[in-house]
Every structure is written in structure tokens, then in C-alpha cells.
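Q: have a look at this prediction, sequence included:
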Amino acid sequence: VLLCYAVSTVELRGTYNPVSPRAGTGLNTPYLYREQTMNHPPGDTPRFSDKVVVVTGAASGMGQASALRFGREGARVWCADVNGEGAAATAGKINELGGSARSSQFDVTRVAQCRALIAEVVEAFDGLDILCNIAGLGGTTPVADETESHWNLVVDVNINGPFFLSQAALPPRLGSRGAR
């Protein structure tokens, strides 16, 4: 299984700084994706042609940019996010530009939803090739002010969610083409 915790191949412009309020950006500031068609020149095979990719955190930021890029590179993309409308908008953009995408509202902190998401993707797309665990929480709360409930949420989203998604993705991959 190719597991992505961050994708560095996205084409971005502008800046994203979740920490600096002076820069006029914040945690909800979207990356700006360079508008491009999903079509490639004749004879140029997209890098992820016929691959099935799940991208969590696909409603905005790096997750959205990654989903768009995978779509542009020929992948069938499943956009998943706790913000279901945002995930649907990202999938709609991929489809509008000529790619293939679906979406669902999904909470990475719920183990049952992790398993259900992977099962739904495998059923709909007949497999899974790449899982991008991009959903994440950050923040600028000083350590002395951090609450137990917020810290537990950060751990659930940033550590437990990717673990249980990856665990759910293993069985369909072990019997598939090219699995290692």
C-alpha cells in the first residue's frame, strides 16, 4: 500500500502559513491550485492512470490540492472529509475538469467510519492503490494552555485516524495487483 502522510507533488501557488496571523492567513486558508485541465497531451500517459486514491482532508488545504493533482494525473479519487460539502466540491471540481472522483463525509476519529470508508471505496472502485492520510489538526495553543479534550482530539485525528485507516486498507491491498 502506498501511504501518503503528505504529498509534495502538488502544484501550488501562494503561501499557506497556519501560524502567522500577520501574514493574513489562518488554519482555514485554502491553498490556491493552478487551474488546469485533466487532459494530457497525446501519447502522454498520466502517472496515476487507473489507480484508485483515497484522500482524507480533501475539503481544503493540502488535502484538496492533493486530490486535484491526483485527479489531473489520471487517478480515480475518493475525497473524504469531515466537511462533506467541501469534499463534494473538490470531487465536483475533479469531475468538472475531466477526471473521475467521488466523495463522502467522514470522521477520521471514528474507527468504524475508517473501516466503512475503505470498504465503500473498494466496492465502488474495485480496489484501492493509494491512501493519503492528509486530514489533520494543528494549532497555536501554548502547551501550558492546552486542554485534555483538545489534545485527545489532536491525537485522534493526527495519529489514531491514519493508523486505523491504514489498518483497514491492508486487507484489500494484500490480495491486489502490485501489493508488497
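A: Cool, the structure landed.

Q: switch to C-alpha atoms for all contacts and neighbour counts from now on
A: Fine.

Q: residue 108 belongs to a helix?
A: No - looking at residue 108 with DSSP: H, G, I helix; E, B strand; the rest coil, it is coil, so not inside a helix.

Q: quick one: residues contacting it.
A: Residues counted as contacts of residue 108 (Cα atoms under 8 Å, 6 or more residues apart in numbering) are 82, 114, 135, 156-157, 161-162, 165.

Q: how close does the closest residue to residue 89 other than its chain neighbours get to residue 154?
A: Leaving aside its chain neighbours, residue 89 sits nearest to residue 59 (7.3 Å; criterion: Cα to Cα, 6 or more residues apart in numbering). Look at residue 59 and residue 154: by Cα to Cα, to the nearest Å, they are 18 Å apart.

Q: who's more crowded, these two?
A: Higher neighbour count among residue 59 and residue 154: residue 59, with 28 against 18, using other Cα atoms under 10 Å.

Q: quick revisit: how close does the residue nearest to residue 89 sit to residue 67?
A: 9 Å.

Q: list residues touching both of the two?
A: Common neighbours of residue 59 and residue 67 (Cα under 8 Å, 6+ apart) are 79, 90.

Q: which strand or helix spans residue 162?
A: helix 161-174 (DSSP states H and E).
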